[in-house]
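Participant: coordinates for the following, if possible.
(chains A and B)
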2 protein chains.
Amino acid sequence: MTIHPFDQALQLTPTEPGVYTGASASAYWNMVGPFGGTTAATALNAVLQHPALLGEPLSLTVNYAGPVAAGAFTVSATPVRTNRSTQHWVITLSQANAAGVAEVMLTATAVTAARRTTWSAVDAAMPQVPRPDTLPSGRLMSTMAWINNYDMRFIRGGLPTEWDGGGDDSLSQLWVRDNPPRALDFCALTSLADVFYPRVYLRRALRVPAGTVSMTVYFHASGEQLTQSGTGFLLGQARAQAFSNGFFDQTAQVWNEAGALLATSHQIVYFKE
Amino acid sequence: MTIHPFDQALQLTPTEPGVYTGASASAYWNMVGPFGGTTAATALNAVLQHPALLGEPLSLTVNYAGPVAAGAFTVSATPVRTNRSTQHWVITLSQANAAGVAEVMLTATAVTAARRTTWSAVDAAMPQVPRPDTLPSGRLMSTMAWINNYDMRFIRGGLPTEWDGGGDDSLSQLWVRDNPPRALDFCALTSLADVFYPRVYLRRALRVPAGTVSMTVYFHASGEQLTQSGTGFLLGQARAQAFSNGFFDQTAQVWNEAGALLATSHQIVYFKE
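Facilitator: Numbering: from 1, shown residues only, chains lettered A, B, ... in the order given. Model (predicted):
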C-alpha cells in the first residue's frame, strides 16, 4: 500500500512528549518553501499526536515567521492550559540555520474542545453552483509542485488569463479535493483552507510577490462529520475585504458536497507594490 | 488631568524587558472577569511597550484560556523572530491562583510590521447608514461595568427586546466610541473590535451563557490613520456564519466616520445549549 503524499508530508517522529521532528515535503513545494497549508496542517498534527490531547480542533492560528527550508524541522506543541472541555495549545516550528542555530519558522496557537450537541444553524449557506462532476479539472501553475496534489475545479475567480491590471473583484469559488483523493480529516481540511491563490492576483489581474503572514481556521465540524465527507469535493470560497499598504486580508468558507459548513478561515497576506 | 479609564485599565509596569505586571480593571468588569476587549488590548500593549518593537500592529490573535480574576496579573511579550519588515510575537497573560501557582489565562500571538505605501483598495465598503449624531445613545445592560465605557448607537441588531426565541438573523451595525471620548489608537481599536454582544443572543432571541474563546484582529490602518480618526465614532458591523455544537463564529468590520476600513476581526465563541 502506497502512503498518500499528504500523509507523507505530515509525518512526525516524537523525540519527547510534544516535540517532534519532521521534514519539508518536496511534493508540496511552493515558490520559496513548502505550501503553507501543509505547514499549518503539520502544526495541527503536532497537537493531534500529543498524548494529552483533549477533544477535537476548534481553532488554529499559524503565523509564518520565516521561509521553511528543505530538510528537517522540529515542532513542539504544548498544552499550556486544560479546562473541563477546552484545551489551549502553543506551537512552534523551528529549523536549524546554516550555522546550526535553531530559528523560529512558525508560531501557532490552537484550541481543542470536547464538543456537545447543541442547537446549530448555518447562516453562511453554500452558494448555488454547478456540481464538481460537471466541471473540468484544472491546474493553476504546473511549476509549483503542491498544486498537483489538489484537484481544483473553478466556478469563478480562476487565475486571470490576461495579466493586464484589469481586475475588479477578488471572489473565487472552486470545488477542490486532494489528488489522489484522500478521506477528509482535520489536517487535510486545514491545508484545504489555504488553497486559494493570492487574492491580489485576481483583484488587480497582476502577479506581484505575495505570501501569507498569519492564518486562522475555525472548525465547525466534528471529526465524524469530516469522515462522512469521505473523499468528496469541498466547495471553497474566498475573497478579500481590504488591500492596504503591503497587506491584504482573505476570508474563506469551506463546505462539503452536502452543504455543511466545515470551516471558516481568515488570513492576512503580504504583497509587494 | 484625569487619566481615561481605558488608559488606567491598560497600565503595565515592566519588571524586566517584555515582562510586565498589571491589574484587572474594575471599570471594565464583565460578567465573570474583565471585558475581553480590554484583555486583548493589554496583550497588544505589552508588545507596543517592548523596547525591541519593530513597526506597527498587523495582526493579533488572543485565546482566552481562563477567566481573569480581580487583582494583579503578569504579561510577557517575546519577539521570537524579527525580519527586515515584520516581527513575530508570543504573548502570555498569567495570574496566581489561590495556591499562589501561576496559571495561564491568555495565550496570544501578534505580528507587527513596518509598512510601506502601496496600491490599496477597500472592497468591504462601509454600508450606507445614518450618521451617529442622528441616533440616540444607548446602553445595553447597566449591570456590566464595561458597557458604560462605550457610547453605542445601534442602527440595526441591538439587543432583542423580547427574548422569545424568535430571532432569524445575526447582523448588528452600530456606531461606537469610548465614553468619555478618547483619541483612537491600536489598543482602543482592538478593544472596540470586541464590543459586539454574543451573536447567539440576536440569532436566537435567547440569552444563553456565551464567552469568546479566540479572537483575531487584522489591522488595515496605520497609527497615523488612527490618529486622524481622533475621537470620532467607528462603525462596527458583526455577524455569525455558523453555530455548531457549542461554538459559533463572528466576523466583524470596523470603519471610521470617513469610511476607511480600519480593522477586520473574527472570533469563535462558546455557547451553551
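
Participant: angles on the backbone of the residue of the stretch 151-273 of chain A found nearest chain B, please.
Facilitator: Ranked by CB to the nearest CB, the top residue of the stretch 151-273 of chain A for proximity to chain B is residue A:241, at 3.8 Å. To be clear about C-beta, it is placed using only N, CA and C from the backbone, and glycine gets the same treatment. With angles defined as degrees, to the nearest 10, residue A:241 sits at phi -110, psi -30.

Participant: what is the burial count for it?
Facilitator: 22 (other CB atoms under 10 Å in any protein chain shown).

Participant: who touches it in this structure?
Facilitator: A:249, A:251, B:122, B:123, B:124, B:253, B:261, B:264 (CB atoms under 8 Å, 6 or more residues apart in numbering or on different chains).

Participant: which strand or helix spans the closest residue to residue A:73 other than its chain neighbours?
Facilitator: Among residues not flanking residue A:73 along the chain, residue A:95 sits closest, at 4.5 Å (CB to CB, 6 or more residues apart in numbering or on different chains). For residue A:95, the host element (DSSP states H and E) is strand A:86-96.

Participant: pLDDT at the residue most central in space within chain A, what is it?
Facilitator: The centre of chain A sits closest to residue A:191, judged by CA atoms, centre = their mean, with a distance of 2.8 Å. In this model, residue A:191 is scored at 98, pLDDT.

Participant: and for residue A:169?
Facilitator: 93.

Participant: that one: how many residues sit nearby?
Facilitator: Residue A:169 has 13 neighbours, counted by other CB under 10 Å.

Participant: OK, contacts around it?
Facilitator: Residue A:169 neighbours (CB under 8 Å, 6+ apart): A:157, A:202, A:203.

Participant: same check on residue A:234?
Facilitator: Counting by CB under 8 Å, 6+ apart, residue A:234 touches A:175, A:176, A:177, A:184, A:189, A:192, A:254, A:255, A:256, A:257, A:262.

Participant: those in helices, which ones?
Facilitator: Counting by DSSP state H, the contacts of residue A:234 place A:189, A:192 in helices.

Participant: mind giving me TSV with the contacts of residue A:234 and columns for neighbour count?
Facilitator: Below are these laid out as TSV (neighbours: other CB atoms under 10 Å in any protein chain shown):
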residue	neighbour count
A:175	24
A:176	19
A:177	22
A:184	24
A:189	24
A:192	24
A:254	25
A:255	25
A:256	21
A:257	16
A:262	25
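
Participant: for the contacts of residue A:241, which two are the farthest from each other?
Facilitator: Longest distance between any two of the contacts of residue A:241 is 13.9 Å, between A:251 and B:122; criterion CB to CB.

Participant: these two: who's more crowded?
Facilitator: Taking other CB under 10 Å, residue A:251 and residue B:122 do not tie; residue A:251 has more neighbours (20 against 17).

Participant: how about the more buried one: what's its closest non-neighbour residue?
Facilitator: Per CB to CB, 6+ apart, closest to residue A:251 is residue A:266, 5.4 Å.

Participant: of the contacts of residue A:234, closest to residue B:221?
Facilitator: For the contacts of residue A:234, the nearest to residue B:221 is residue A:254 (29.0 Å; CB to CB).

Participant: what strand or helix carries residue A:218?
Facilitator: strand A:210-219.

Participant: could you pull up the mean pLDDT of that strand?
Facilitator: Computed over strand A:210-219, the average pLDDT equals 98.

Participant: helices and strands around that strand, which ones?
Facilitator: helix A:36-48, strand A:56-64, helix A:186-192, strand A:261-271, strand B:56-64, strand B:102-113, strand B:210-219, strand B:261-271 (3 or more CB pairs under 8 Å, 6 or more residues apart in numbering or on different chains; DSSP states H and E).
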